[in-house]
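In: Here is my input; please provide its structure:
(one chain, ligands or ions: 2)
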Amino acid sequence: MITLCAFANTADDIKVIKQQDREVIERFKSYLNINTVQPNIDYYPAVDFLKKEAKRIGLESDVVEIVKGRPHVIIKWKGRDPSKKTVMLNSHMDVVPADPAKWNSDPFEAFWDLTNNNIYARGSQDMKCVGMQYLEAITNLKAQNFVPERTVYVTFVPEEEVGGHGGGMNDLVKSPHFDKLNVGFGLDEGLASPDEKFEVYYGERVAMWGIIEATGAVGHGSAFIKNTATEKINRVIQQIFNFRSSQEQELALRPNKRTGDVVSINLTSMKAGHTKDCGETYQMNVVPRTAQVGFDIRVTPHVPIKQVDEQVNKWASEEGVSIRWVQRSEEHHVTDLNDEHVKVFLDSLKSANVTFNTGVFPAATDARFLRAKKIPIIGFSPMNLTPVLLHDHNEYLNVDVYLRGITIYENVIKSITK
Ligand SMILES: [Zn+2]
Ligand SMILES: [Zn+2]
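Out: Ligands and ions are numbered 1, 2, ... in the order given. So this is what the prediction gives:
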């Protein structure tokens, strides 16, 4: 018997939702309610929640801390043949900050708007949805008495949004805990897509975060001083924006290219002048000694990192100008779309009439650490008909899209664990 449950925001807006689906959504909302905002996250409420979830489903869970306070929750669904390479279903627990003033509802309330059936919450797309959908898919498969051939690990990791270092995935993959998992194939996050087709990613762009600093002559604010820091940084900024335009044009001129196929750069910080943090007093009529810009470059696997590196070094080649890297990778790692596990994954989508594009994830995620270990990884978040709102205000996911994602994962998990 199916219990139907009617509830509404307003009297004239009644939606009827199956009791079982309502429970699924309430569990999703509960995870979204847990504040895991960068930085300095208290992960333990999320860990406790996930451990309880594992228990509910009847699965073992383990908590691994490579760095104290940075737990990884590893939920295990034992396969019929534990000697076989396993399948990893990964998601990160942390989310980026949300400015409540810019949201129509509290970003952690997980407001369920029944007029459009959307759930508004930080993490609803990136990527608490995916973590919970894996668990719900397993719940359903267990109810059907399905037992996987390969063992499945559902992993919930910390610190993705700050680069996976300091106890995140970068450190997990280097630890003996990881080797014990014996992972042969895995899934990690992708992006929403506004149309019917889903997005499937076989690689990602490399993030290069750097700061260019210029030092120059100082003097009176009324004079024509030569070689000032701000003049030098202005030339750097011009070159950054010229390069940015060239890539934007490349994208506009070639309809077959997508963001993941070009190099992007954004200026993400600027600093100059006699501010307190330079140890000098603020003074409007003194030409500053230093000026700096911070930038975020994303290099597509279609372009060698060395080429971009040389370009940036040229920008910083003037006398008194230097560059410092905050974070960068030296290599691209992509998954072969002809890999046997990948083919099984893609076939499982096709057999469920899920249409998709394959491409390069325009941002970066923990998949890169796994790919660096030669493990085939696909980036896939089952969100079609959804605007891309990760890191944005009023991030949301539609309930029907969320529920369909669970069904898609059921089909995927059945196939990739064979
Ligand atoms: Zn993410
Ligand atoms: Zn993110």
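In: any idea how far stretch 201-213 is from the chain center?
Out: 13 Å (CA atoms, centre = their mean, to the nearest Å).
In: how about that stretch: buried residues?
Out: For stretch 201-213, burial by neighbour count (16 or more other CB atoms under 10 Å) applies to 201-208, 210-213. Just so you know, the C-beta spots here come from the backbone N, C-alpha and C atoms, and that holds for glycine as well.
In: same check, this time on stretch 104-111
Out: Quick answer for stretch 104-111 (16+ other CB under 10 Å): 105, 107-108, 110-111.
In: Give me the below-cutoff pLDDT ranges for the protein.
Out: By pLDDT under 70, the weakly predicted segments of the chain are 1-16, 274-282.
In: could I get the buried residues of stretch 104-111 as JSON lines with distance to ligand 1 and secondary structure?
Out: Formatted as JSON lines, those follow (distance: CB to the ion, whole Å; DSSP: H, G, I helix; E, B strand; the rest coil):
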{"residue": "S105", "distance to ligand 1": "21", "secondary structure": "coil"}
{"residue": "P107", "distance to ligand 1": "15", "secondary structure": "coil"}
{"residue": "F108", "distance to ligand 1": "17", "secondary structure": "coil"}
{"residue": "A110", "distance to ligand 1": "17", "secondary structure": "coil"}
{"residue": "F111", "distance to ligand 1": "21", "secondary structure": "strand"}
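In: So which residues on the chain come close to ligand 1?
Out: Within the chain, the positions adjacent to ligand 1 are 126-127, 189 by CB under 5 Å from the ion.
In: do that again at 8 Å, thanks
Out: 92, 126-127, 160-161, 189, 363, 365, 390 (CB under 8 Å from the ion).
In: For the stretch 251-400 of the chain, just list every one of the helices.
Out: Ranges of helices within the stretch 251-400 of the chain are 305-315, 340-351, 367-371, 399-416, based on DSSP state H, counting those that start in this stretch.
In: Pull the first one out as CSV, backbone CA atoms only.
Out: Spelled out, that is helix 305-315. Only the C-alpha atoms of helix 305-315 are listed here, as CSV (Å, rounded to 0.1, in the frame of the first residue of the first chain):
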residue,chain,number,x,y,z
ILE,A,305,50.5,23.3,-18.4
LYS,A,306,54.0,24.3,-19.4
GLN,A,307,52.7,26.6,-22.1
VAL,A,308,50.5,28.5,-19.6
ASP,A,309,53.3,28.5,-17.1
GLU,A,310,55.6,30.2,-19.6
GLN,A,311,52.9,32.7,-20.4
VAL,A,312,52.4,33.7,-16.8
ASN,A,313,56.1,33.9,-16.2
LYS,A,314,56.3,36.4,-19.1
TRP,A,315,53.7,38.6,-17.4
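In: What are the contacting residues of that helix?
Out: Identification of contacts with helix 305-315 by CB atoms under 8 Å, 6 or more residues apart in numbering yields 206, 208, 210, 212, 236, 239-240, 243, 263, 297, 299, 321, 323, 329-332.
In: do the same with the second one
Out: Outside helix 340-351, the residues within contact range by CB under 8 Å, 6+ apart are 184-185, 187, 198, 200, 202, 335-337, 356, 358, 376, 378, 408, 411-412, 414-416, 418.
In: Provide a PyMOL selection command restricted to the buried entries of the residues you listed.
Out: Buried members of the contacts of helix 340-351, defined by 16+ other CB under 10 Å, are picked up in PyMOL with:
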select buried, resi 184+185+187+198+200+202+335+356+376+378+408+411+412+415+416
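In: from the contacts of helix 340-351, which ones fall inside strands?
Out: Mapping the contacts of helix 340-351 onto strands (DSSP state E) picks out 184-185, 187, 198, 200, 202, 356, 358, 378.
In: is it possible to export the residues you listed to JSON lines including distance to N170?
Out: Formatted as JSON lines, the ones in strands among the contacts of helix 340-351 follow (distance: CB to CB, whole Å):
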{"residue": "G184", "distance to N170": "20"}
{"residue": "F185", "distance to N170": "20"}
{"residue": "L187", "distance to N170": "19"}
{"residue": "F198", "distance to N170": "28"}
{"residue": "V200", "distance to N170": "24"}
{"residue": "Y202", "distance to N170": "20"}
{"residue": "F356", "distance to N170": "28"}
{"residue": "T358", "distance to N170": "26"}
{"residue": "I378", "distance to N170": "20"}
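In: Closest one of the residues you listed to ligand 1?
Out: L187 (13.0 Å; CB to the ion).
In: isn't that closest one right next to F380, touching?
Out: Yes - between L187 and F380 there is a contact at 5.7 Å, judged by CB atoms under 8 Å.
In: need the contact list for the most centrally placed residue in the chain.
Out: The C-alpha lying nearest the average C-alpha coordinate of the chain belongs to T365 (CA atoms, centre = their mean; 5.0 Å). Applying CB under 8 Å, 6+ apart, we find T365 in contact with 92, 160, 188-189, 204, 379.
In: In this structure R289 contacts N227, no?
Out: No - counting by CB under 8 Å, N227 is not a contact partner of R289; they are 11.2 Å apart.
In: Quick check: neighbours shared by the two?
Out: G216.
In: Give me the more crowded residue out of the two.
Out: Counted by other CB atoms under 10 Å, R289 and N227 do not tie: R289 has more neighbours, with 19 against 13.
In: Of the contacts of helix 305-315, grab the buried ones for ChimeraX.
Out: In ChimeraX, this line selects whichever of the contacts of helix 305-315 come out buried by 16+ other CB under 10 Å:
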select :206,208,210,212,236,239,240,243,263,297,299,321,323,329,332
